[in-house]
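Q: kindly return the folded structure for what I paste below:
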Amino acid sequence: MQIIQDLRQKAKSNLKTIVLPEPEDKRVMEAAKIIETDGIAKVLLLTKDKLDPEDKKRYAEEFYQMRQAKGMDIDTARRILEEPLYYAAMLTREGKVDGFVAGASHTTPDVARAAIQCLELDSRINIASSAFIMAVPDCIYGEGGTFVFADCGIIPEPNPRQLACITLTAAELTRKVLNIEPRVALLSYSTHNSAKGKSVDKIKETLVILKDMTPDLLVDGELQVDAAIVPEVAQIKYPESVLKGKANVLIFPDLEAGNISYKLVQRLSHARALGPLLLGLNKPCSDLSRGCSVEDIVDCVAVTAIRAQ
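A: This is a model prediction of the structure:
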């Protein structure tokens with residue numbers, strides 16, 4: 001797919017160092033070889049024997065200081081920093097590397113916890129969320145078949161303020177990584193008052209918050225997905241919409257809808273799903289599905305490198 005080649009080429013233009021803390025996974029090892037050979041990024045494969053004893057000690061003390069108010073004790077901090085996942089996150093925090101990618105052999109909660117606790121939240125946003133870049137073959141919708149889906153991995157039931165922040169970070173990702181102007185649809189089972197319910201009210205409130213936070217963002221809701229991405233349907237259901245059925249960023253009302261939707265699109269249309277890309281943190285990082293392919297790892301590294309540029 002052209003979008004995948006474009007992302008890899010963009011990563012090559014300004015090489016960044018990405019740490020992979022799961023080198024025991026054969027897919028990670030194979031991906032690292034491709035990344036290095038193709039010049040997509042510099043890769044640090046982090047095995048336990050590569051954890052510097054002095055850095056471990058220093059990181060444990062820093063981690064303890066960061067988490068002490070949450071009940072962390074120094075012995076627990078030292079034990080946690082024996083793990084490459086947390087060591088990788090602290091390397092990223094310190095700036096010794098530009099980002100980390102993990103999840104081939106860790107769950108999303110494990111990766112997200114390490115990222116949030118070590119990298120900490122962007123004070124502008126104050127929540128962590130996630131997004132997928134979806135590249136759908138032979139698709140005329142979105143941006144030539146390219147979409148950003150959010151949130152598909154972190155927040156189970158976002159409130160309107162959280163949903164607005166998810167929207168902002170997904171839009172920023174769209175601009176920075178894909179070089180396209182985001183056209184954002186807040187998805188629902190209702191299109192412009194066609195139905196009622198708490199979920200619909202949440203979307204309406206989210207739109208009000210977004211208009212106040214970022215009045216220049218091209219966003220609309222509440223929209224059913226066909227009214228969001230199919231111009232002909234938009235013309236019938238809601239012709240006044242600013243999106244005109246041309247959304248390329250889809251914001252889901254909750255995690256259940258987002259997670260189900262990305263997996264359905266990925267499997268039924270043979271789409272490439274890059275992510276989950278963790279958003280709202282001070283440094284870039286990416287989770288991986290434990291069912292990821294070698295190519296998925298390569299592409300998540302490329303996107304993480306671009307975000308660090």
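Q: low-scoring stretches of the chain, by residue?
A: Regions of the chain meeting the criterion pLDDT under 70 are absent.
Q: how about the strands of it, start to end?
A: 17-20, 42-45, 99-102, 129-135, 146-150, 183-187, 218-223, 249-251, 272-279, 285-287 (DSSP state E).
Q: which parts of the fourth one are buried?
A: Same thing as strand 129-135. Using 16 or more other C-beta atoms under 10 Å as the test for burial, strand 129-135 gives Ser129, Ser130, Ala131, Phe132, Ile133, Met134, Ala135. All C-beta spots, glycine's among them, are computed from the backbone N, C-alpha and C.
Q: repeat for stretch 14-26
A: By 16+ other C-beta under 10 Å, the buried positions in stretch 14-26 come out as Lys16, Thr17, Ile18, Val19, Leu20, Pro21, Glu22, Pro23, Asp25.
Q: OK, contacts around the third one?
A: The contact partners of Ile18, taken as C-beta atoms under 8 Å, 6 or more residues apart in numbering, are 35, 41-44, 97-101, 301, 304-305, 308.
Q: go with 10 Å
A: Counting by C-beta atoms under 10 Å, 6 or more residues apart in numbering, Ile18 touches 11, 32, 35, 40-44, 88, 92, 97-101, 284-286, 300-302, 304-305, 308.
Q: may I ask you to name the longest helix in this structure?
A: In the chain, with assignment by DSSP state H, the single longest helix is helix 160-178.
Q: Ile251: neighbour count?
A: 32 (other C-beta atoms under 10 Å).
Q: pretty sure it is touching Gln162, no?
A: No. Using C-beta atoms under 10 Å as the test, Ile251 is too far from Gln162 to be in contact (11.0 Å).
Q: list the residues that contact both of the two?
A: Common neighbours of Ile251 and Gln162 (C-beta under 10 Å, 6+ apart) are Ser129, Asp151, Thr206.
Q: picking that back up, turn the strands of the chain into JSON lines, including distance to Glu232.
A: Putting these into JSON lines (distance: least, C-beta to C-beta, whole Å) gives the following:
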{"stretch": "strand 17-20", "distance to Glu232": "42"}
{"stretch": "strand 42-45", "distance to Glu232": "46"}
{"stretch": "strand 99-102", "distance to Glu232": "39"}
{"stretch": "strand 129-135", "distance to Glu232": "21"}
{"stretch": "strand 146-150", "distance to Glu232": "18"}
{"stretch": "strand 183-187", "distance to Glu232": "16"}
{"stretch": "strand 218-223", "distance to Glu232": "14"}
{"stretch": "strand 249-251", "distance to Glu232": "18"}
{"stretch": "strand 272-279", "distance to Glu232": "26"}
{"stretch": "strand 285-287", "distance to Glu232": "36"}
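Q: out of these, the one nearest Val200 is which?
A: strand 218-223 (5.5 Å; C-beta to C-beta).
Q: okay, the closest one in PDB with CA atoms only?
A: Coordinates of each C-alpha in strand 218-223 appear next as PDB, following Å, rounded to 0.1, in the frame of the first residue of the first chain:
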ATOM      1  CA  LEU A 218     -13.400  20.300  11.100                       C
ATOM      2  CA  VAL A 219     -15.500  18.100  13.300                       C
ATOM      3  CA  ASP A 220     -19.200  17.100  13.400                       C
ATOM      4  CA  GLY A 221     -21.500  14.700  15.300                       C
ATOM      5  CA  GLU A 222     -23.500  12.900  16.200                       C
ATOM      6  CA  LEU A 223     -23.100  10.900  13.000                       C
END
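Q: now the angle from it to strand 183-187?
A: Using axes from the mean of the first three to the mean of the last three C-alpha atoms, to 10 degrees, the direction of strand 218-223 lies 20 degrees away from that of strand 183-187.
Q: so how far is strand 218-223 from its chain's centroid?
A: 21 Å (C-alpha atoms, centre = their mean, to the nearest Å).
Q: partners of that strand, with directions?
A: strand 183-187 (parallel) (DSSP bridges).
Q: from Ile203, how far off is Gln162?
A: Per C-beta to C-beta, to the nearest Å, Gln162 is found 13 Å from Ile203.
Q: residue contacts, the spatially most central residue of the chain?
A: Nearest to the mean C-alpha position of the chain, counting by C-alpha atoms, centre = their mean, stands Leu277 at 2.2 Å. Contact analysis of Leu277 by C-beta under 10 Å, 6+ apart lists 101, 129-133, 148, 150, 152-153, 169-170, 173, 177, 284-287, 300, 303-304, 307.
Q: tell me what it is bridged to.
A: Going by DSSP bridges, Leu277 forms beta bridges with Ala131, Ser286.
Q: now it: how far from Lys204?
A: Distance from Leu277 to Lys204, by C-beta to C-beta: 27 Å.
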